[in-house]
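[1] okay, sequence plus prediction incoming.
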Amino acid sequence: MAENSIPGGLDLAALSKLPLTVDHCEKIISAIQMGLYRGSAFNSYEPFHEPRRTVKENGQLMVTEIRYGQRFMNSYLDITYPTSDTSIRRPTVIYTHGGGFFGGSKTMGDPMAAGDDANFLFEDIVNAGHNFVNVDYVLTPDGHFPDQLSQLTEAVDFLSDHAAEYGLDMTNVAVMGSSAGAILSGQYGVLLTAPVYRQRVGISPKIDPAAIRCLVIDDAPFRTTQFNWALQVMIGNLLGTADMSSQAALSFNAYEFFNEKLPPCFFDAGPKDGFPEDMRACGEKLTALGVANEVYIPTEDLPHGFLNLARTNKQAREGEERLIAFINRYTS
């Protein structure tokens, strides 16, 4: 296999010199998925695991494979509680994973992020006194924008409707995501606060926007017109167009719809291969709008998904601590 090729035998160096088309985007992503999943299913209307209700060794209770919707594949979520007592009133953190909208899951996490220890971050958020909801969503080629945003909206509305059943406080919520999931968090924030965006994507959340106390946006690209070739491939595959100045790309770009009604936002990015420029730009725009926000960019050359390194790296640990402190500040 050539040095610049990927699973499926595609030569990225050669492809990157050609005018990018949707066909190129789809073939490249399909080849990567072949390498990731090796023929295993990654989209399904049925759960990939048996539902469980179990207390982990650390005392946290997990309830898994809760179906929150019927329209799309992978419409399942897991809930983790600090203890087996679900009657205690605690803030709710709702999380979506990364993976370029073509990989990852609520159990796998983001296959492109540093390490694979996202569960440590989740456990630490739960240990800080939060109920943690991990939401799955459909991947391409079975799902395209804005399907995943529809699913996040369905999941939040489902949780709100079933708050008593699952022991959740859905009046005190943080919406969080990493990478692709962080894009969803930003999109969901503008969905709640910008009527023009709701009209554009055709999604209307039922939850009271005041219930969403903050957003956590962990290392995400937003500004489509500044995407590099690799991002154009990933998002072109999702959007069904390689034109990053198209109306579809504009609808995807939540940054353009940031407004003064957004809830407080936390941004972070790994400077090595993450999206620090986008995260800084988001913070600067919200500051200009008068929206409370915090931006954490390590001074070390840490990678995309650096929070997964919190067990071994001091700055990753500092980033995690500041993220949790931010959630605590706005949900306490």
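    Structure received.

[2] list the residues that contact residue 148.
    96, 101, 137-138, 180, 184 (CB atoms under 8 Å, 6 or more residues apart in numbering). (Glycine included, C-beta is placed from N, CA and C.)

[3] quick one, what contacts the residue sitting nearest the centre point of the chain?
    In the chain, the centroid-proximal residue (CA atoms, centre = their mean) is residue 181; its distance is 1.0 Å. For residue 181, the contact set (CB under 8 Å, 6+ apart) comprises 95-98, 110, 218.

[4] one more pass at 6 Å, please.
    Residue 181 makes contacts with 96-98, as judged by CB atoms under 6 Å, 6 or more residues apart in numbering.

[5] could you list the buried residues of the top helix by length along the chain?
    Counting residues, the longest helix found in the chain (DSSP state H) is helix 314-331. Across helix 314-331, burial judged by 16 or more other CB atoms under 10 Å covers 315-316, 319-320, 323-324, 326-328, 330-331.

[6] that helix packs against which elements?
    strand 212-218, strand 265-268, strand 293-296 (3 or more CB pairs under 6 Å, 6 or more residues apart in numbering; DSSP states H and E).

[7] circling back: for the contacts of residue 181, which one is nearest residue 27?
    Of all the contacts of residue 181, residue 98 has the smallest distance to residue 27: 22.1 Å, by CB to CB.

[8] among the contacts of residue 181, who's most crowded?
    residue 96 (30 neighbours; other CB atoms under 10 Å).

[9] what helix or strand is the residue nearest to that one when sequence neighbours are not counted located in?
    Using CB to CB, 6 or more residues apart in numbering and skipping the chain neighbours, the partner closest in space to residue 96 is residue 181 (3.4 Å). Element membership for residue 181, per DSSP states H and E: helix 180-193.

[10] and the helix or strand just after that helix, average pLDDT?
    With elements assigned by DSSP H and E, the helix or strand that comes after helix 180-193 is helix 195-201. In this model, helix 195-201 has a mean pLDDT of 97.

[11] same deal with stretch 139-152?
    What stretch 139-152 shows for mean pLDDT is 98.

[12] span of that stretch from start to end?
    Across stretch 139-152, the terminal residues are separated by 13 Å (CA to CA, to the nearest Å).

[13] stretch 216-233 now?
    Span of stretch 216-233 from end to end, CA to CA: 25 Å.

[14] buried ones in that stretch?
    The neighbour-count check on stretch 216-233 (16+ other CB under 10 Å) flags 216-224, 227, 231-233 as buried.

[15] and which of those residues is nearest residue 290?
    The closest of those, once distances to residue 290 are taken by CB to CB, is residue 217, at 18.0 Å.

[16] quick one: pLDDT of residue 17?
    The model's pLDDT for residue 17 equals 76.

[17] in which helix or strand would I find residue 64?
    Judged by DSSP H and E, residue 64 forms part of strand 61-67.

[18] check residue 33 too.
    Secondary structure (DSSP H and E) places residue 33 in helix 22-37.

[19] could you name the helices and strands sitting against whatever helix or strand comes next after that helix?
    Where DSSP H and E defines the elements, the next helix or strand beyond helix 22-37 is strand 53-55. Counting contacts by 3+ CB pairs under 6 Å, 6+ apart, strand 53-55 packs against strand 61-67.

[20] distance from the strand it packs on to the middle of the chain?
    Distance of strand 61-67 from the chain centroid (CA atoms, centre = their mean, to the nearest Å) equals 19 Å.

[21] same check on stretch 46-66?
    For stretch 46-66, the distance to the chain centre is 21 Å (CA atoms, centre = their mean).

[22] again with stretch 213-222
    With CA atoms, centre = their mean, you get 8 Å for stretch 213-222.

[23] also stretch 51-71?
    19 Å.

[24] buried ones in that stretch?
    Buried, per 16+ other CB under 10 Å, within stretch 51-71: 60-66, 68-69.

[25] possible to save those residues as JSON lines with pLDDT?
    JSON lines is the format used below for these (pLDDT from 0 to 100):
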{"residue": "60", "pLDDT": "95"}
{"residue": "61", "pLDDT": "96"}
{"residue": "62", "pLDDT": "95"}
{"residue": "63", "pLDDT": "97"}
{"residue": "64", "pLDDT": "96"}
{"residue": "65", "pLDDT": "97"}
{"residue": "66", "pLDDT": "98"}
{"residue": "68", "pLDDT": "98"}
{"residue": "69", "pLDDT": "98"}
